[in-house]
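1. Here's my sequence, what's the structure:
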Amino acid sequence: MNLRELVTADAARCAELEKLLFPGETPWSKYVFQVEISQPFNFYFGVEEEGLLLGYAGLALLGPATDPEYEIHTIGVAPQAQRRGVGAMMMDNIVHIADSQDAPVFLEVRVGNTAALALYERYGFIKQGIRRNYYQPSGADAHTMVRMRKSQR
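-> Reported below is the predicted structural model:
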């Protein structure tokens with residue numbers, strides 16, 4: 001498996017995976033991925049194997065350069081690749097980027113998504129609160145989570 005930066009040509013595969021991973025919600029379209037991937041302060045990367053994209057993640061740099069923070073915009077792993085270390089490869093990269101700048105990382109995750117919650121907690125994320133009716137159209141709630149700055153842990 002190989003971790004690499006995504007380009008706009010990867011947007012179709014990301015959108016395909018979104019539909020598989022988030023049925024009953026509003027999965028991101030190819031166009032949304034193209035826009036997100038092309039933004040100058042977003043970093044999108046994925047894991048591929050034999051030319052097939054198995055997972056994707058989007059990380060946004062927020063705040064001033066002197067006091068940066070990050071937000072995970074999206075992360076997903078193809079069903080057939082789950083529990084094979086794909087999520088861990090992407091999370092290793094995310095925490096490395098944040099730690100290299102002593103920056104916190106924020107995210108939202110569906111209440112009840114025990115696999116994702118366990119992954120984030122292994123990487124030091126803690127629950128901060130709940131966003132009611134965050135996911136649409138289902139109305140599912142989301143936990144807000146943060147991984148504190150390296151200097152604050």
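2. Need the contact partners of stretch 121-139.
-> With contacts defined as C-beta atoms under 8 Å, 6 or more residues apart in numbering, stretch 121-139 is touched by 24-26, 91, 94-95, 105, 107-108, 110-111, 140-148, 153. (Each C-beta comes from the backbone N, C-alpha and C, glycine too.)
3. Which of these are buried? Put it as a PyMOL command.
-> Command for PyMOL, covering only those of the contacts of stretch 121-139 found buried under the criterion 16 or more other C-beta atoms under 10 Å:
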select buried, resi 91+94+95+105+107+108+110+111+140+142+143+145+146+147
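4. and the closest residue to residue 150 other than its chain neighbours, how many neighbours?
-> Distances taken as C-beta to C-beta, 6 or more residues apart in numbering place residue 99 nearest to residue 150, at 4.7 Å, with adjacent residues excluded. Neighbourhood size, residue 99 [other C-beta atoms under 10 Å]: 15.
5. Make sure residue 99 is indeed in a helix.
-> Yes: judged by DSSP: H, G, I helix; E, B strand; the rest coil, residue 99 forms part of a helix.
6. how far away is it from residue 34?
-> 29 Å (C-beta to C-beta, to the nearest Å).
7. again, but for residue 17
-> In terms of C-beta to C-beta, residue 17 sits 15 Å off from residue 34.
8. okay, those two: which has more neighbours?
-> residue 17 (23 against 18).
9. What ranges does the chain have for its helices?
-> Listed from the start of the chain, the chain has helices (DSSP state H) covering 11-21, 30-38, 86-100, 114-122.
10. Can you lay out the ones you listed as JSON lines showing mean pLDDT and distance to residue 76?
-> Shown next, in JSON lines, are the helices of the chain (pLDDT from 0 to 100; distance: least, C-beta to C-beta, whole Å):
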{"stretch": "helix 11-21", "mean pLDDT": "96", "distance to residue 76": "5"}
{"stretch": "helix 30-38", "mean pLDDT": "98", "distance to residue 76": "11"}
{"stretch": "helix 86-100", "mean pLDDT": "96", "distance to residue 76": "9"}
{"stretch": "helix 114-122", "mean pLDDT": "94", "distance to residue 76": "10"}
